[in-house]
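Trainee: Predicted structure and sequence below. I'll ask about it afterward.
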Amino acid sequence: MGNLDKFCQSCGMPLEKDPNHGGTNADGSKSAKYCSYCYENGAFIGNFTSAKEMQEFVRAQLKKQGYWLFTRYLYTMHIPQLQRWKK
């Protein structure tokens, strides 16, 4: 993944694929970093505490959508490098 800025900095979804065009900040403006599945009203959605938990969740969602194992791995391997999970 070349430029991670084009991806949600929580789940890794391409921001251009977000049907709501981004999550929302506390002031109601659109977030440039997080998708609408991960971020709403300035707070993260869900109880994810680690990149590993997010990877498992995203892989399960991709499996439901019919993605193959290898594809699920490729789409989620960069999650630990995203801004939300960097330590």
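Mentor: Ah, there it is. Residues are numbered from 1 along each chain as shown.
Trainee: Phi and psi next, for Gln61.
Mentor: Dihedral pair for Gln61: phi -70, psi -40, per degrees, to the nearest 10.
Trainee: Tally up the residues packed near it, please.
Mentor: 15 (other CB atoms under 10 Å). In short, each C-beta sits where N, CA and C put it, glycine included.
Trainee: again, but for the one 5 residues further on
Mentor: The tally of other residues near Gly66 (other CB under 10 Å) stands at 7.
Trainee: For it, give me its contacts.
Mentor: Not one residue lies near Gly66 by CB atoms under 8 Å, 6 or more residues apart in numbering.
Trainee: For my notes, confirm it occurs in a strand.
Mentor: No: under DSSP: H, G, I helix; E, B strand; the rest coil, Gly66 sits outside any strand and is assigned coil.
Trainee: So for it, what's the pLDDT?
Mentor: In this model, Gly66 is scored at 97, pLDDT.
Trainee: now it: how far from Ser31?
Mentor: Distance, Gly66 to Ser31, by CB to CB, to the nearest Å: 28 Å.
Trainee: This completes my enquiry, with thanks.
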